[in-house]
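Participant: coordinates for the following, if possible.
(one chain, ligands or ions: 2)
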Amino acid sequence: MNITVKDLSYRIQDKPLIASISLDIQEGELVGLIGPNGSGKSTLLKNMYRVLAPDQGEVFMNDKDLSRMSHKESARHVAVVSQETSVAFDFTVQEIVFMGRSPHKKMFDTDTSQDREIVHQALSRVGLLHRARSSFSTLSGGEKQRVLIARAVAQQASCLILDEPTNHLDIRYQLQIMDLVKTLKITSLAALHDLNIAAYYCDRLYVLKAGRIIASGSPEQVLRQDLLQDVFEVATEINRHPLTGKPSITFLPEMVVRS
Ligand code: ADP
Ligand code: MG
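Facilitator: Ligands and ions are numbered 1, 2, ... in the order given. Have a look, this model is predicted:
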């Protein structure tokens with residue numbers, strides 16, 4: 001499945017938060033969305049997963065207009081892993097993963113053996129079968145994110161939207177979550193904070209600045225000194241990493257630049 005965003009804008013009281021956004025994600029791609037705090041990444045993603053309704057523009061899933069689908073139908077196409085890992089009540093891990101099945105069910109339908117098998121597989125895929133009966137609140141940050149990814153897997157959506165999925169995680173868990181997303185091979189769009197992680201994992205990147213896309217392309221094309229200076233207002237040195245072959249970014253503090 002591919003995703004196309006056409007000329008999307010969203011404003012609050014005449015203040016445009018994002019403007020004229022067009023992008024596409026091809027089948028199986030992992031595409032990164034980068035940009036400083038407040039540049040509109042979450043706003044764009046929320047417009048794509050229908051928590052917000054755009055003032056202008058459309059989102060298509062394989063040429064099908066998302067806004068013409070019921071919310072339940074769009075949930076069969078798009079799964080979301082957001083950065084808020086708190087849940088209101090203390091559900092168990094497997095209860096949360098079972099929630100991924102709800103877009104496939106009618107009201108009052110009970111869980112079938114097929115649902116149980118899908119949930120089992122999803123938990124196995126993220127390495128959390130042994131925590132199935134644990135309460136979500138007792139898990140570590142990395143485990144919580146893996147549960148939310150398992151819920152997305154159980155949802156069997158063909159697209160995944162992630163909003164800074166590795167926020168607040170130790171580097172080991174950041175890599176583990178990104179490895180997991182990569183191996184799912186689902187068409188994915190992820191807002192990412194860490195530019196080196198974006199460089200390593202993403203097939204392509206879009207760069208947001210003040211609500212507009214100002215650059216896009218492969219990590220090699222996008223992650224350049226002048227662009228990072230302009231967008232993030234930091235000096236960098238960028239090398240091709242000898243082992244990964246990907247851009248490797250070193251951030252240079254002011255005092256180094258001046259010396
Ligand atoms: P990012 O995810 O890139 O950090 P956001 O999409 O969260 O950026 O925010 C984009 C801009 O929109 C920010 O300047 C933020 O303050 C503003 N914003 C977000 N939500 C609201 C809102 N409900 N009302 C007013 N401004 C908002
Ligand atoms: Mg955000």
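Participant: secondary structure element for residue 168, which one?
Facilitator: Residue 168 is part of no helix or strand when elements are defined by DSSP states H and E.
Participant: please read the previous query as pertaining to residue 177.
Facilitator: Using DSSP H and E, residue 177 maps to helix 171-184.
Participant: next SSE downstream of that helix?
Facilitator: According to DSSP H and E, the helix or strand after helix 171-184 is strand 187-191.
Participant: and that following strand, does that touch ligand 2?
Facilitator: No. Figure legend: strand 187-191 not in contact with ligand 2 (Cβ under 5 Å from the ion); closest approach 6.0 Å. (Glycine included, C-beta is placed from N, CA and C.)
Participant: tell me the strands beside that strand, with direction?
Facilitator: Sheet pairing for strand 187-191, assigned by DSSP bridges, gives strand 30-34 (parallel), strand 159-163 (parallel).
Participant: for those, give me a markdown table that also has distance to ligand 1.
Facilitator: Formatted as a markdown table, the strands paired with strand 187-191 follow (distance: least, Cβ to the nearest ligand atom, whole Å):
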| stretch | distance to ligand 1 |
| --- | --- |
| strand 30-34 | 8 |
| strand 159-163 | 7 |
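Participant: now those as CSV including mean neighbour count and distance to ligand 2?
Facilitator: Formatted as CSV, the strands paired with strand 187-191 follow (neighbours: other Cβ atoms under 10 Å; distance: least, Cβ to the ion, whole Å):
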stretch, mean neighbour count, distance to ligand 2
strand 30-34, 24, 10
strand 159-163, 24, 6
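Participant: output those strands in CSV; the columns should cover mean pLDDT and distance to residue 259.
Facilitator: CSV is the format used below for those (pLDDT from 0 to 100; distance: least, Cβ to Cβ, whole Å):
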stretch, mean pLDDT, distance to residue 259
strand 30-34, 98, 28
strand 159-163, 96, 38
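Participant: of all those, which one is nearest residue 67?
Facilitator: Nearest to residue 67 among these is strand 159-163 (15.5 Å), distances taken as Cβ to Cβ.
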